[in-house]
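Visitor: turn this into a model:
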Amino acid sequence: MKRYLLLTAGRDRPGIVAEVTKILYENGCNIEDSSMTRIEDEFVIMLIFTGNLNKDAFSCLSNDLLVDLKELPRRQKVKKYPSKFILSFYGGDRPGIVYKISEKLKNMNINISDLKTKRTEGENPIYLMTMEAEAGENITEELLKRELSSLAQELNIELSVRSIEEVNF
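Guide: Numbering: from 1, shown residues only. Below is the predicted model of the structure:
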């Protein structure tokens with residue numbers, strides 16, 4: 001039976017991806033799913049792999065790389081949603097943008113599968129949030145725009161909603 005593990009690691013410097021994936025490769029592990037990104041001056045790795053490693057296998061990495069390993073229960077099929085969207089929000093920065101939008105989506109039973117935010121510097125910072133969202137077939141692009149437009153007006157931000165097709169690998 002396959003053993004599934006979640007690896008998280010953080011710090012930013014050249015070579016982190018190569019160093020972590022070399023250990024996985026040399027130990028016969030396979031990356032099943034991953035997300036890796038830099039947030040300000042931190043690079044974050046989050047990946048699920050199959051194999052028989054423990055945290056000690058990563059002790060050869062420099063101390064500046066924080067690695068955590070967690071065994072996952074037997075893998076279940078990920079719920080498939082028939083409707084998928086890219087949502088973008090853009091406007092002046094203020095507290096509560098992520099909360100209010102994610103709360104609205106939760107109340108509509110819409111799942112956020114990916115979310116990124118950026119904030120500009122300066123006297124009047126601009127906030128940008130993009131997300132991928134998944135919903136049941138009863139949620140259309142028009143309905144989502146209509147439901148989110150009043151919230152976008154309240155937050156004084158621009159809103160963009162676009163349907164996307166799922167890519168199956």
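Visitor: Thr37 and Lys79: what is the separation?
Guide: 24 Å (C-beta to C-beta, to the nearest Å). Every C-beta, even on glycine, is put in place using the N, C-alpha and C of the backbone.
Visitor: so which of the two has more stuff around it?
Guide: Thr37 (10 against 7; other C-beta atoms under 10 Å).
Visitor: keeping just the C-alphas, turn the helix or strand that contains that one into PDB.
Guide: Assigned by DSSP states H and E, Thr37 falls within strand 30-39. C-alpha atoms of strand 30-39 as PDB (Å, rounded to 0.1, in the frame of the first residue of the first chain):
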ATOM      1  CA  ASN A  30       7.100  10.200  -6.300                       C
ATOM      2  CA  ILE A  31       5.600  13.700  -6.100                       C
ATOM      3  CA  GLU A  32       1.800  13.300  -6.400                       C
ATOM      4  CA  ASP A  33       0.800  17.000  -6.100                       C
ATOM      5  CA  SER A  34       2.600  20.200  -5.200                       C
ATOM      6  CA  SER A  35       2.400  23.900  -4.800                       C
ATOM      7  CA  MET A  36       5.500  26.100  -4.400                       C
ATOM      8  CA  THR A  37       5.600  29.900  -4.200                       C
ATOM      9  CA  ARG A  38       7.500  32.800  -2.800                       C
ATOM     10  CA  ILE A  39       5.700  35.000  -0.400                       C
END
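Visitor: and the contacts of that strand?
Guide: The contact list for strand 30-39 (C-beta atoms under 8 Å, 6 or more residues apart in numbering) reads 4, 12, 17, 21, 24, 43-51, 114, 116.
Visitor: at 6 Å what do you get?
Guide: Identification of contacts with strand 30-39 by C-beta atoms under 6 Å, 6 or more residues apart in numbering yields 12, 44-50.
Visitor: fine by me, thanks again.
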